[in-house]
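Enquirer: how does the following fold in three dimensions:
(2 chains)
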There are 2 protein chains.
Amino acid sequence: MASVVLGIDIGGTNIEYGLITKEGENMYSSFMKTEEIESIQQLAENLKAEITPILKKEKLKLHGIGIGSPKGNYLTGCIEFAVNLPWKGVVEINSIFEEVFGVSTILTNDANAAAYGEKMYGVAQDMRNFMVITLGTGIGTGFFMNGQLQHGQHGNAGELGHISNDPLGRECNCGKLGCLERYASATGIALSAREKIEFYKGSSQLSKIAPSEITAKNITAAAKKGDPLALELFDDTSRILGNALANITTLLDLEAFVFAGGLANAKRILTEPTKRYMDENLMEDFKSKVQIVCSGLLSENSAIFGAAALYWNEKN
Amino acid sequence: MASVVLGIDIGGTNIEYGLITKEGENMYSSFMKTEEIESIQQLAENLKAEITPILKKEKLKLHGIGIGSPKGNYLTGCIEFAVNLPWKGVVEINSIFEEVFGVSTILTNDANAAAYGEKMYGVAQDMRNFMVITLGTGIGTGFFMNGQLQHGQHGNAGELGHISNDPLGRECNCGKLGCLERYASATGIALSAREKIEFYKGSSQLSKIAPSEITAKNITAAAKKGDPLALELFDDTSRILGNALANITTLLDLEAFVFAGGLANAKRILTEPTKRYMDENLMEDFKSKVQIVCSGLLSENSAIFGAAALYWNEKN
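Expert: Next comes the predicted model:
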C-alpha cells in the first residue's frame, strides 16, 4: 500500500490538489472553485468526501496533508488576513484538517510551497538563492537564501505583491494604494487592458471583448498572435516588474527569479522584456548575473508538489 | 600572551581599526583618512608599521585580520567596484594583507561586518531576522535571516543604497539616477540641505554655513536645537527611508532595523519619524511588528568588532 500526501494549493480563483508520493508522483489531481467554498470546515469535509473513495480504490494510504495558501502562516497554522480569499481575518486551518482527516497537517504560504516545489522537483533543484514569484490573482513570493526557505520573523516573508509601485496608484484590497500586484499580476494586466482598450478600437482583437471580460489569458493569447495592445500591455507589465526585480536583486543578490502562476504561461513574452528592464536598472556588477525562468512545473502546479514535499521533508 | 584580531572598517571617509580579543575587548583603536591611502598595499604597510610596536609593547599576538569594506566580497576576498572608495575596479585585499602581515585574513562587506558586530556584541544578540543599515558616506546593509548572515549568490547582497528612490532623481556614483543613498545617507541629507537652504535664510542657523560646507553633523546638531530646516530635512529623509523600509519589511518580515553610521547619531530625531512613515506604508498585519533601533556600538564602531568576530568565528 503506497503512501501519499494530500498537497493543496489554495488560490484566489481555484483550490487545486493532488495525492503526491514521496518520490513526487501525482496519483490524482483535481480542483474546486474558491468562491464556492464557504468555510475551511466545508473545504476539509468536501475534500474528505472526494478523496476517501479514491484512496480506497487506488490502495493508497493518506500519510499527511501539506497546504499552501495566500497568507498561510507556517509558524501559526493559520491563514491570516488573506485579501484575495473569501475567508476573512485569522482562519485556523491545520487544526480543522487534522480533526477532519485524522492526519498531521502542515501549512505555508502558497508561494513558499511553490518555491519548495521548484527546489525539490522543478527548475531550482541546483539553486541556493532564488525567488519563485506566482503571478496569479495576486502576486506571491517564496524565496530560498543560502539553501533555506525563508519564512521571516512572523511567518510573513515574501509579500512582494504589496510593495509599493506607485504611492498614488490603483487601490488594493489590502487598503494601500499602488501595490505591485495591482499592475503585474494576472489581475493587474487585465486592469491595464481596461484602461487602454478605448485607444485601440479596431487595431486590437481584444476590443471585440467587453472590457470587464478581458483576462490575462485573452491578453496572452492575443500577444502570441502579435496583437499590438496585448504586446504593449506585456511591455508595460514587464517594465514595472523589471524595476521591482532590479531592487530585489540589489538587496538579495539572487541567482534566479522563477515565474509561476497564470501570467507565467506567457513565457518569453513576459520573461524577455522583464529581464531587459531589470538589467537596465541594475548596477554594473549585478547586470546579467540573475536569470528569469518559468516554473518547471507550470502545467502541473508547483505549489501542490511543494506543499506535499514540505510535509514529506519536515513532518515525516 | 593574549591573542587579538585586527578588525578594520574601511569607509568612504575614514579607515578605522582596532585590536580585538576573542571576548570582544578592544585593546587599541585608531583611524586613517581614506583619501590619503593610495593603494591597499600602502594601507597594509602603514597599518603594519603602526601596529607592530603596539603588539610588542602590550604583549599581544596577532592571530588574524578581519576586514569590512564597502563592496568587500566575502566569497572572493576582493573589493569589487566600490563607488565611494578611491581604489577602482576589482581590488585584491586578502592576499595583500596575508603577504604583508603573515596571518590569515577574512573580508566582508562593511555593513555585513556591522551586522555581525551587532549580533555578537550589540543590540541584536537575541535576534534571528534583522538588518543593520549603515548611514554614512553611502548606505550599506548587512542582514541576518533565520539566524544566518546572508551574503547572496555572488557575495553582493545588501546594496540597499542603490535601490531606486526616484528614476529621474539625483545622479549616483554607480551610474544610475535616484539611488536611495543619494537621499538618506549622511551625504544625502547634506545634498537635501543644499537644495533647501535658500528658502530658509534667516530662519535656520544652517544658513550661516556656506552651502557646500553643510554636513550631516551640522544638521544633526541644529536639529537637536530645534532648527526648523534641520527638522524638515530629517522629516524628508525619514519619509524616504521609511517608505523603503516598509517595502523591505513586506518582503523580508524582519524583527528589527538597526541604524549605524554617522547619521544614526541623530538617534530619535531619525528613528521616530522613520518608524512612523514605515508603519504608514505597511499592510495591517505587518504594522508595529518591526522595531527601528540604533546600534549598540555607535560610539565604538560595530564593523570593527564584527569584522574581528567574523574572523574569530569562521577562521579560528
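Enquirer: going forward, measure contacts between C-alpha atoms and count neighbours the same way
Expert: Noted.
Enquirer: residue contacts, the closest residue to A:G68 other than its chain neighbours?
Expert: Counting by CA to CA, 6 or more residues apart in numbering or on different chains, A:G68 lies nearest to A:D110, which is 3.9 Å off, once chain neighbours are set aside. Counting by CA atoms under 8 Å, 6 or more residues apart in numbering or on different chains, A:D110 makes contact with A:9-11, A:67-72, A:140, A:303.
Enquirer: so does stretch A:237-256 get close to chain B?
Expert: Yes: with CA under 8 Å from any CA of the partner chain as the criterion, chain B is reached by stretch A:237-256 at A:246-247, A:249-255.
Enquirer: out of these, which sit inside helices?
Expert: Under the assignment DSSP state H, those contribute A:246-247, A:249-252 to helices.
Enquirer: now for the residues you listed: which two are most distant?
Expert: A:A246 and A:L252 (10.0 Å; CA to CA).
Enquirer: let me know the pLDDT of A:F130.
Expert: Per-residue confidence (pLDDT) for A:F130: 98.
Enquirer: show me the shaky parts of the stretch 201-316 of chain A.
Expert: A:298-299, A:316 (pLDDT under 70).
Enquirer: need the residues of it near chain B, please.
Expert: Counting by CA under 8 Å from any CA, the stretch 201-316 of chain A sits next to chain B at A:246-247, A:249-255, A:281, A:283-285.
Enquirer: tell me where the stretch 101-250 of chain A has strands.
Expert: A:105-109, A:130-135, A:139-145, A:148-149 (DSSP state E, counting those that start in this stretch).
Enquirer: surely A:K275 meets A:G242?
Expert: Yes: between A:K275 and A:G242 a contact is recorded at 6.3 Å, counting by CA atoms under 8 Å.
Enquirer: who's in contact with the closest residue to A:N112 other than its chain neighbours?
Expert: Take A:N112 and drop its neighbours on the chain: the residue closest to it by CA to CA, 6+ apart is A:G142, 4.0 Å away. By CA under 8 Å, 6+ apart, the residues touching A:G142 are A:109, A:111-115, A:131-133, A:149-150, A:157-158.
Enquirer: buried subset of these?
Expert: A:109, A:111-115, A:131-133, A:149-150, A:157-158 (16 or more other CA atoms under 10 Å in any protein chain shown).
Enquirer: right, and A:E16 touches A:F31 too?
Expert: Yes: between A:E16 and A:F31 there is a contact at 4.2 Å, judged by CA under 8 Å.
Enquirer: who has more neighbours, the two?
Expert: A:E16 (21 against 14; other CA atoms under 10 Å in any protein chain shown).
Enquirer: partner residues bridging the residue nearest to A:N112?
Expert: A:V132 (DSSP bridges).
Enquirer: which pLDDT value belongs to it?
Expert: 95.
Enquirer: tell me how many other residues crowd the residue of the stretch 1-150 of chain A found nearest chain B.
Expert: In the stretch 1-150 of chain A, the residue that lies nearest chain B is A:N129 (5.9 Å; CA to the nearest CA). Using other CA under 10 Å, A:N129 has 24 neighbouring residues.
Enquirer: one more: A:K224?
Expert: 13.
Enquirer: now A:N84
Expert: Neighbours around A:N84, by other CA under 10 Å: 16.
Enquirer: over to A:H151?
Expert: If we define neighbours as other CA under 10 Å, then A:H151 has 25 of them.
Enquirer: A:R170 and A:A184 touch, don't they?
Expert: No: using CA under 8 Å, A:R170 is not in contact with A:A184; the gap is 11.8 Å.
Enquirer: with neighbour numbers in mind, choose between those two.
Expert: Each of A:R170 and A:A184 has its neighbours counted (other CA under 10 Å); A:A184 has more, 29 against 18.
Enquirer: so how far is chain B from the closest residue to the more buried one other than its chain neighbours?
Expert: Closest residue to A:A184 apart from its sequence neighbours, by CA to CA, 6+ apart: A:T237 at 5.3 Å. If you measure A:T237 against chain B using CA to the nearest CA, to the nearest Å, the figure is 17 Å.
Enquirer: contacting residues for A:L135?
Expert: Shown in contact with A:L135 (CA under 8 Å, 6+ apart): A:184-186, A:259-264.
Enquirer: and A:L6, bridged to which residues?
Expert: In beta-bridge terms (that is, DSSP bridges), A:L6 pairs with A:L19, A:I65.
Enquirer: now list the buried members of the residues of the stretch 201-316 of chain A next to chain B.
Expert: Buried among those (16+ other CA under 10 Å): A:246-247, A:249-255, A:281, A:283.
Enquirer: my guess is A:K22 contacts A:L6, does it?
Expert: No: using CA under 8 Å, A:K22 is not in contact with A:L6, being 11.1 Å away.
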